[in-house]
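1. coordinates for the following, if possible.
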Amino acid sequence: MNLFARLKQLKIMLIDDDEWIRDAMRIFFEYEGCALATFETAEEALQALDGQRFDIIIADYKLPGMDGITFFKRLDMPGDSPIKILITAYHSRTVAEMTREAGIHALIEKPFQPETIESTLSQLLNRTG
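-> Numbers count the residues shown, from 1 in each chain. Have a look, this model is predicted:
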């Protein structure tokens, strides 16, 4: 099964305070027939997670209020844990270490191309079966 056929069956969340990135990612996923819920802040995303489950969560590191790593640490989801991807324009050894310690599956540096998201999701989905 190709990547987007699998993604159509999954719920995907994006958290980024950059409206352009939210819009571009939403258009990209919708073009492929996949739904993407977007949020500007980690706090908004946590509220959404109170009532529903997401299979893939992509969060920016630098957000107003709670940062992406803290957000992922606060996730308390029963059952299968979602695939967690952190995106950042502030990559450093420290951020990479914090990402691993928080149990985040992948770190993507900004700026990125759609192909980077595709290959990362493909690798992570192949690992989880």
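
2. next one, pLDDT for Gly51 please.
-> On pLDDT, Gly51 comes in at 82.

3. how about it, secondary structure?
-> Here Gly51 is recorded as coil under DSSP: H, G, I helix; E, B strand; the rest coil.

4. OK, contacts around it?
-> Residues near Gly51 by CB atoms under 8 Å, 6 or more residues apart in numbering: none. All C-beta atoms are positioned from the backbone trio N, CA, C, and that covers glycine.

5. can I get the longest helix out of those in the chain as CSV, trimmed to CA atoms?
-> Longest helix of the chain, by residue count under DSSP state H: helix 114-128. Below are the C-alpha coordinates for helix 114-128, written out as CSV (Å, rounded to 0.1, in the frame of the first residue of the first chain):
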residue,chain,number,x,y,z
PRO,A,114,7.2,18.0,1.1
GLU,A,115,9.4,15.1,0.1
THR,A,116,11.1,15.2,3.5
ILE,A,117,7.7,14.8,5.3
GLU,A,118,6.8,12.0,2.9
SER,A,119,10.0,10.0,3.4
THR,A,120,10.0,10.5,7.1
LEU,A,121,6.3,9.3,7.4
SER,A,122,7.0,6.4,5.1
GLN,A,123,10.0,5.3,7.2
LEU,A,124,8.1,5.6,10.5
LEU,A,125,5.0,3.9,9.2
ASN,A,126,7.1,1.0,7.8
ARG,A,127,8.6,0.6,11.3
THR,A,128,5.3,0.4,13.0
